[in-house]
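Peer 1: return atomic coordinates for the entry below.
(2 chains)
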There are 2 protein chains.
Amino acid sequence: MNSCYVSGMEARRAFTVGLVQMPMSADRDENLERAAAHIAAAARAGADLVCLPELFRSRYFCQREDAANFDLAEPIPGPTTRALGKIARAKRLVVIAPIFERRAAGVYHNSAVVLDADGSVAGVYRKMHIPDDPAYYEKYYFTPGDLGFRAFQTRVGRIATLICWDQWYPEGARLAALKGASILFYPTAIGWHPEEKARHGAPQRDAWRTVQRGHAIANGVYVAAVNRVGFEGAPGGRKNGRKGQDGSSGEGIEFWGSSFISDPFGIVVAEASTDHEEILLGRVDPERIEQVRRNWPFLRDRRVDAYGGIESRFLAEPPESGKGARTKKSAHRRMAAG
Amino acid sequence: MNSCYVSGMEARRAFTVGLVQMPMSADRDENLERAAAHIAAAARAGADLVCLPELFRSRYFCQREDAANFDLAEPIPGPTTRALGKIARAKRLVVIAPIFERRAAGVYHNSAVVLDADGSVAGVYRKMHIPDDPAYYEKYYFTPGDLGFRAFQTRVGRIATLICWDQWYPEGARLAALKGASILFYPTAIGWHPEEKARHGAPQRDAWRTVQRGHAIANGVYVAAVNRVGFEGAPGGRKNGRKGQDGSSGEGIEFWGSSFISDPFGIVVAEASTDHEEILLGRVDPERIEQVRRNWPFLRDRRVDAYGGIESRFLAEPPESGKGARTKKSAHRRMAAG
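Peer 2: The predicted structure follows:
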């Protein structure tokens, strides 16, 4: 499980990735069978690696806080990794399998298992950035990841996976790229609140795509986002009384698909529909990474001596209000933050 | 000069920024007069802050390495800050004035001075990330900045400036945003090598715009890029034998303009042409920042406990090659980087 040793040797072979964009049913076994069928189809189409969407075994249960949903979790290794490990071995391809991970009683993670082409577990990533906003109550379900940002050595070379909300954080992308990944995968479950779609839908999807293309450009890596499709109603109604961005009440999520692959220069080389089940294929060419990084060598000029503040929550301290004495500590803060 | 004290109080007033997109002549005084006229025009149009392009006093001299160009540098305060400080005071607006700064014999910086609306120097930023690639020989001219990434308190609230090559680095944008800036300015001098434009021009400009829009989205801040326009030939020929991205030889740079303002959701709210001299106006509304950050609260969920690796150059160490003993240090590295 921890075979993610770090290697400076880059794979120079190009390979094909397949992104499975699919809707989820309420039947967990059906979702697994559907995913397995897509992996087999992707293999026939030439994929060397297949990535499934976030939490692909179930509907997006985080629309509601319900302790019974912890029954959906499973260990690693467990039923899903065993089933997909067999397929990975049989088809000789790498599989990224997002799992609702049960680590211990009361310790659950939103994870992604990298299964190597021999069926073994190449490594596990546990979602580091956990969202919580109306209909995405993930802080209730998921303990924040404690394995850090990683890259995994596989049959196709070093690759990284992060998960959904991570895609808004340049730090995660940077660290995965510094660990030698040629491509960052983002298994995802993101969609529109129906009552927001008309007004905010297009800019939301564009922001989501743009920030990830930005990671590709800043790091000179490929980026692949893998989202689900379909409408999922909020089960059991508005238990949490969610409010939309407009302040209106809303129900359910329309997952917006739009899975895509960006090359290391931010060019979208493959993109799926907003509403269809499909397999998106794309090529990852280490030579393209080499050329992009040679011509615009951003990694060379990083100011690693000056990034320490990144580990702070916020750096604009309130001014001395005159209510208290000016302490040495606050004086120091002013200088450090200036 | 160091009045950039850090305040947690946010200005809640909206304000108008004016970006001056202009060509530069070989006459330094003419460039200053032209900039001054644009500042006055922007003031008449309602601007509360005006930003000039990188190194606006001269042609982009970094196309060639020539020690005589150090004569172009000036101190801070100096002739340019005095002239523009007078205008800032007269027009009651903030001015961001990029300066080729002479700090001492042999210590020169690519800097930007923030002049407050009373004409005083609110603060100085010294370019942190220094490029060096064919026709952009900046490492020869500019000592890397030693003031860090900053935000400055001004009449319009807290704003930040970075410079050109900085725009490819998410770390700089993040640190400036954490210091409370509502908008990040990027005075710029970027353009096409003529022989590359047909093949690479569109994706280069799009990558440049996309990575900066990504900073806006990831940080929930406005971003403004301010570029020059016009073709500038390489003076004195190919002293450095530059080669283009195609491997062909090339001469001169066609600066691509395209100055723009992105809102905190990555929406381009104003954009200039690729080739015209113009003043681009845009509104910065702190209420928009408030709404964007409330709805997609990325700053809340940052994993400040897990970003330490950002201060490393690279994290994929070569594997133990079998040539030497496996040392404790290398074993430690494997664990630390995994």
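
Peer 1: the longest helix seen in chain A close to chain B?
Peer 2: Taking DSSP state H as the criterion, chain A has its longest helix at helix A:194-219. Yes: using Cβ under 8 Å from any Cβ of the partner chain, we find that helix A:194-219 touches chain B at A:203, A:206, A:207, A:210, A:211, A:213, A:214, A:215, A:217, A:218. No exception for glycine: its C-beta is placed from N, CA and C like everyone else's.

Peer 1: relative to residue A:44, how far out is whatever residue of chain A ends up closest to chain B?
Peer 2: Taking Cβ to the nearest Cβ as the measure, the point where chain A comes nearest chain B is residue A:214, at 2.4 Å. Using Cβ to Cβ, to the nearest Å, residue A:214 is found at 34 Å from residue A:44.

Peer 1: more neighbours, the two?
Peer 2: Ranked by neighbour count (other Cβ atoms under 10 Å in any protein chain shown), residue A:214 and residue A:44 place residue A:214 first, with 29 against 9.

Peer 1: pLDDT added to the residues of helix A:194-219 next to chain B, as a markdown table?
Peer 2: Shown next, in a markdown table, are the residues of helix A:194-219 next to chain B (pLDDT from 0 to 100):
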| residue | pLDDT |
| --- | --- |
| A:203 | 96 |
| A:206 | 98 |
| A:207 | 98 |
| A:210 | 98 |
| A:211 | 98 |
| A:213 | 98 |
| A:214 | 98 |
| A:215 | 98 |
| A:217 | 98 |
| A:218 | 98 |
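
Peer 1: just the buried members of the residues you listed?
Peer 2: Buried members of the residues of helix A:194-219 next to chain B, scored by 16 or more other Cβ atoms under 10 Å in any protein chain shown, are A:206, A:207, A:210, A:211, A:213, A:214, A:215, A:217, A:218.

Peer 1: redo those residues as CSV? Include distance to residue A:75.
Peer 2: Putting those into CSV (distance: Cβ to Cβ, whole Å) gives the following:
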residue, distance to residue A:75
A:206, 38
A:207, 36
A:210, 37
A:211, 33
A:213, 36
A:214, 36
A:215, 31
A:217, 38
A:218, 36
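
Peer 1: returning to that earlier point: quick check: next helix or strand after the longest helix of chain A?
Peer 2: Downstream of helix A:194-219, the first helix or strand assigned by DSSP states H and E is strand A:222-226.

Peer 1: convert the C-alpha atoms of stretch A:160-176 to CSV, please.
Peer 2: The C-alpha atoms that make up stretch A:160-176 are tabulated as CSV, following Å, rounded to 0.1, in the frame of the first residue of the first chain:
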residue,chain,number,x,y,z
ALA,A,160,-0.7,11.9,-8.9
THR,A,161,-4.3,12.0,-7.8
LEU,A,162,-6.1,14.6,-5.8
ILE,A,163,-9.8,14.8,-5.2
CYS,A,164,-12.5,17.4,-6.2
TRP,A,165,-12.3,20.4,-3.7
ASP,A,166,-8.4,20.0,-3.9
GLN,A,167,-8.7,21.4,-7.4
TRP,A,168,-9.1,24.9,-6.1
TYR,A,169,-5.8,24.8,-4.2
PRO,A,170,-2.6,25.7,-6.1
GLU,A,171,-0.5,24.3,-3.2
GLY,A,172,-1.8,20.7,-3.7
ALA,A,173,-1.1,20.8,-7.4
ARG,A,174,2.4,22.3,-6.9
LEU,A,175,3.4,19.6,-4.3
ALA,A,176,2.1,16.7,-6.5
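
Peer 1: and chain B, is it touching that?
Peer 2: Yes: counting by Cβ under 8 Å from any Cβ, chain B has neighbours in stretch A:160-176: A:165, A:168, A:169, A:170, A:171, A:172, A:173, A:174, A:175.

Peer 1: the helices in the stretch 1-150 of chain A, which residues?
Peer 2: A:28-44, A:79-91, A:138-141 (DSSP state H, counting those that start in this stretch).

Peer 1: any idea of the angle the longest helix of chain A forms with strand A:222-226?
Peer 2: Taking axes from the mean of the first three to the mean of the last three Cα atoms, to 10 degrees, one finds helix A:194-219 and strand A:222-226 inclined to each other by 160 degrees.

Peer 1: packing partners for helix A:194-219?
Peer 2: With contacts defined as 3 or more Cβ pairs under 8 Å, 6 or more residues apart in numbering or on different chains; DSSP states H and E, helix A:194-219 has these neighbours: helix A:170-178, strand A:183-187, strand A:191-192, strand A:222-226, strand A:253-256, strand A:260-262, helix B:194-219.

Peer 1: OK, contacts around residue A:186?
Peer 2: Counting by Cβ atoms under 8 Å, 6 or more residues apart in numbering or on different chains, residue A:186 touches A:161, A:162, A:163, A:164, A:166, A:167, A:212, A:223, A:224, A:225, A:226.

Peer 1: export those to TSV and append columns for neighbour count and pLDDT.
Peer 2: Shown next, in TSV, are the contacts of residue A:186 (neighbours: other Cβ atoms under 10 Å in any protein chain shown; pLDDT from 0 to 100):
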residue	neighbour count	pLDDT
A:161	30	98
A:162	28	98
A:163	27	98
A:164	26	98
A:166	28	98
A:167	23	98
A:212	26	98
A:223	29	98
A:224	27	98
A:225	28	98
A:226	31	98
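
Peer 1: could you verify my assumption that the residue of chain A closest to chain B touches residue A:265?
Peer 2: No: with contact defined as Cβ atoms under 8 Å, residue A:214 does not reach residue A:265; the gap is 11.5 Å.

Peer 1: quick one: residues in contact with stretch A:34-45.
Peer 2: Contacts to stretch A:34-45, defined as Cβ under 8 Å, 6+ apart, come from residues A:16, A:18, A:20, A:22, A:25, A:50, A:52, A:56, A:83-84, A:87-88, A:91-93, A:95, A:279, A:281.
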